[in-house]
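J.: Based on what follows, work out the 3D shape:
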Amino acid sequence: MTRSAALAVTLVAGAATFASPALAAPTLVAPALLAHQAPLAIDTAATAWILTSTALVLLMTLPGLALFYGGMVRKKNIISVVAQSAAAFAIVSVLWFLVGYSLSFGKGPDAINGFIGGVQAAFLNGVTAQTSHSLLPGLPELLFVAFQMTFAIITPALIAGAFAERMKFSASLLFFGLWHLIVYAPICHQVWGGGYLGGLGVLDFAGGAVVHVNAGIAGLVCALMLGPRHGFGRDNMAPANLVYSAIGTGLLLVGWLGFNAGSAGAADALAATAAFNTILAAGSAALGWMTVEWFDRKRPTLLGLLSGVVGGLVAITPAAGFVDPKGAFFIGLIGGPACYAGAVWLKHALKYDDSLDAFGVHGVGGIVGALLTGVFATTTVNALSEGTTVWKQAVGLVGVIAWSAVGTFVVLMICKFTTGLRVTKDEEVEGLDYTQHGEAIH
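T.: Coordinates of the predicted model:
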């Protein structure tokens, strides 16, 4: 055999050896699933819709809520309010990755899993391109993580409306971080993540309790603990630019379609129902608010119309995927005047300074919507409506209200004895834009 022939034989043998299954590189073994996970069985249509919904919900905070709140404060505080929305985004998105997702949607030890999840998925350990959450096995888990993160982001940003124009920026940063871990994550787990409230049959389609009642109660606690703004009830505190607020409301309305219809988890008839219910309830609530305001104040205002739209969106959120359009219409029609009562009559009667009506709109609207879910939920829309009662919804609200109130108080006390809560009187009079950020709108 010539040398070249021997070399050819050697190369062929080597190639055969390399191609031999027995001697090939070992096949990668998929890691064991965490307790909350399922193997991904991807639904491409659902994935496309939830990708879109994630973008829509993120739009609600920046720029939607930032503009809505920014237009409602005085000119000297617009930048500070927008900065708080941006800060909520930054802090919560990082905390959600570090541990928030795991505490909210992971499984904790049996002794505490009714109240909070575990830390198995901290830093998203075990979350891969092949895993899904067992709640939605058709979605890549990272998409589920991102979608739920947008809910976690907007919730503390809503609270900022209650302490606008007087809280230190440093205090708001600490507040957002601690509140996410101590209040939001446990309540999210209790209702949506396998905790005890969900186990009791409490219905919350897209965040009536988890987001709005939670934020509203926290806002009320903040308003009471910080006390009123200097000059409250005496000085002119009219909104600086209602056009900003109108643009913000429009962005919130569009984003809310992702908020509610996205919570169906698929591009299907339930998502379509939730989307239509969301639009209808916003319209009927705006009419309800305007009607009451017209009788009460002898003229309708743009701020009232905008607030009515948001109140209707809040009220329909827990019910969007459980009621038919008739139910959505009545929820909005009742929710609008109820939010007016909370934002105007109740606040004036009790003399607390909820600057931008975080409790009056989100707290009251969320409570009304959650209770009316027990009235109007129907199995013709969603089989999960079976057995729903106003009593069950009320029990869920009591649990959420208690946890939020106590947890928020604890967080504020920590802030009080570390960063401090309020700016000085002189800083408040000058405006938080300049005193906290060194910036101003000219």
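
J.: Ile79: neighbour count?
T.: Residues lying near Ile79 (other C-beta atoms under 10 Å) number 21. The way it works is simple: take the backbone N, C-alpha and C, and place the C-beta from them, glycine included.

J.: swap that for Gln436, please
T.: Gln436: 20 neighbours (other C-beta under 10 Å).

J.: what residue lies at the spatial centre of the chain?
T.: Centroid-nearest residue in the chain: Phe151, 2.8 Å away (criterion: C-alpha atoms, centre = their mean).

J.: Which residue ranges of the stretch 1-150 of the chain form helices?
T.: 3-19, 44-59, 66-70, 78-95, 101-105, 141-159 (DSSP state H, counting those that start in this stretch).

J.: Now these in a markdown table, please, with extra columns for distance to Lys168 and mean pLDDT.
T.: Listed next are the helices of the stretch 1-150 of the chain as a markdown table, based on distance: least, C-beta to C-beta, whole Å; pLDDT from 0 to 100:
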| stretch | distance to Lys168 | mean pLDDT |
| --- | --- | --- |
| helix 3-19 | 66 | 39 |
| helix 44-59 | 27 | 98 |
| helix 66-70 | 17 | 98 |
| helix 78-95 | 10 | 98 |
| helix 101-105 | 27 | 98 |
| helix 141-159 | 15 | 98 |
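
J.: so can I have JSON lines of those showing distance to Thr418?
T.: Output for these, formatted as JSON lines (distance: least, C-beta to C-beta, whole Å):
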{"stretch": "helix 3-19", "distance to Thr418": "63"}
{"stretch": "helix 44-59", "distance to Thr418": "30"}
{"stretch": "helix 66-70", "distance to Thr418": "25"}
{"stretch": "helix 78-95", "distance to Thr418": "16"}
{"stretch": "helix 101-105", "distance to Thr418": "22"}
{"stretch": "helix 141-159", "distance to Thr418": "17"}
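
J.: re earlier: which residues are in contact with the residue nearest to the centre of the chain?
T.: Val57, Cys188, Gly207, Val210, Val211, Phe259 (C-beta atoms under 8 Å, 6 or more residues apart in numbering).

J.: could you redo the last one with a cut-off of 10 Å?
T.: Going by C-beta atoms under 10 Å, 6 or more residues apart in numbering, Phe151 touches 57, 60, 92, 96, 104, 184, 188, 192, 206-207, 210-211, 259, 262-263.

J.: can you tell which of the helices of the stretch 1-150 of the chain is closest to Leu197?
T.: helix 101-105 (13.2 Å; C-beta to C-beta).

J.: how close does Thr61 sit to Ala88?
T.: 7 Å (C-beta to C-beta, to the nearest Å).

J.: And these two? Which one has more around it.
T.: Ala88 (30 against 24).

J.: Touching, that one and Ser172? I think so.
T.: Yes. Between Ala88 and Ser172 there is a contact at 8.4 Å, judged by C-beta atoms under 10 Å.

J.: ok so, going back, could you pull out the residues contacting both of Thr61 and Ala88?
T.: Ile153, Ile154, Thr155, Pro156, Ala157, Leu158.

J.: Name the nearest residue to the first one, ignoring sequence neighbours.
T.: Leaving out its chain neighbours, the residue that sits closest to Ile153 by C-beta to C-beta, 6 or more residues apart in numbering is Val92, at 4.6 Å.

J.: neighbours of that neighbour, just the number please.
T.: 27.

J.: hang on, it packs against Gly100?
T.: Yes. Applying C-beta under 10 Å, one finds Val92 in contact with Gly100, separated by 7.1 Å.

J.: Now list whatever residues contact both of the two.
T.: Joint contacts of Val92 and Gly100 (C-beta under 10 Å, 6+ apart) are Met149, Ala152, Gly177, His180, Leu181, Tyr184.

J.: which one of the residues you listed has the most neighbours?
T.: Tyr184 (29 neighbours).

J.: so how far is Gly71 from that residue?
T.: From Tyr184 to Gly71 the distance is 26 Å (C-beta to C-beta).

J.: just Gly327 next, same as before
T.: Gly327 sits 32 Å away from Gly71, taking C-beta to C-beta as the criterion.

J.: Please apply the same query to Glu427.
T.: With C-beta to C-beta as the criterion, Glu427 and Gly71 are 22 Å apart.

J.: Same drill for those two, tell me which one is more crowded.
T.: When Glu427 and Gly71 are compared on other C-beta under 10 Å, the one with more neighbours turns out to be Gly71, at 23 against 15.

J.: which residues does that one contact?
T.: Contacts of Gly71 by C-beta under 10 Å, 6+ apart are 78, 81, 239-249, 303, 306, 356.

J.: And it, what's its pLDDT?
T.: You'll see Gly71 listed with a pLDDT of 98.

J.: Which residue, neighbours along the chain excluded, lies closest to it?
T.: Tyr244 (3.0 Å).

J.: these two touch, right, that neighbour and Ala66?
T.: Yes. The criterion here is C-beta under 10 Å, and Tyr244 meets it with Ala66 at 9.1 Å.

J.: list the residues that contact both of those two?
T.: What both Tyr244 and Ala66 touch, as defined by C-beta under 10 Å, 6+ apart, is the set Ile78, Val82.

J.: Who has more neighbours out of the two?
T.: Ala66 (25 against 21).

J.: And for the nearest residue to that one once chain neighbours are set aside, the neighbour number?
T.: Distances taken as C-beta to C-beta, 6+ apart put Ser85 closest to Ala66, at 3.9 Å, once the chain neighbours are dropped. The number of residues packed near Ser85 is 26, by other C-beta under 10 Å.

J.: chain center to the helix or strand harbouring Asp296: distance?
T.: Asp296 is part of helix 269-297 when elements are defined by DSSP states H and E. How far helix 269-297 lies from its chain's middle: 20 Å, per C-alpha atoms, centre = their mean, to the nearest Å.

J.: Stretch 257-272 too?
T.: 16 Å.

J.: nearest residue to Ala275 other than its sequence neighbours?
T.: Ala261 is the one closest to Ala275 (C-beta to C-beta, 6+ apart), at 4.0 Å.
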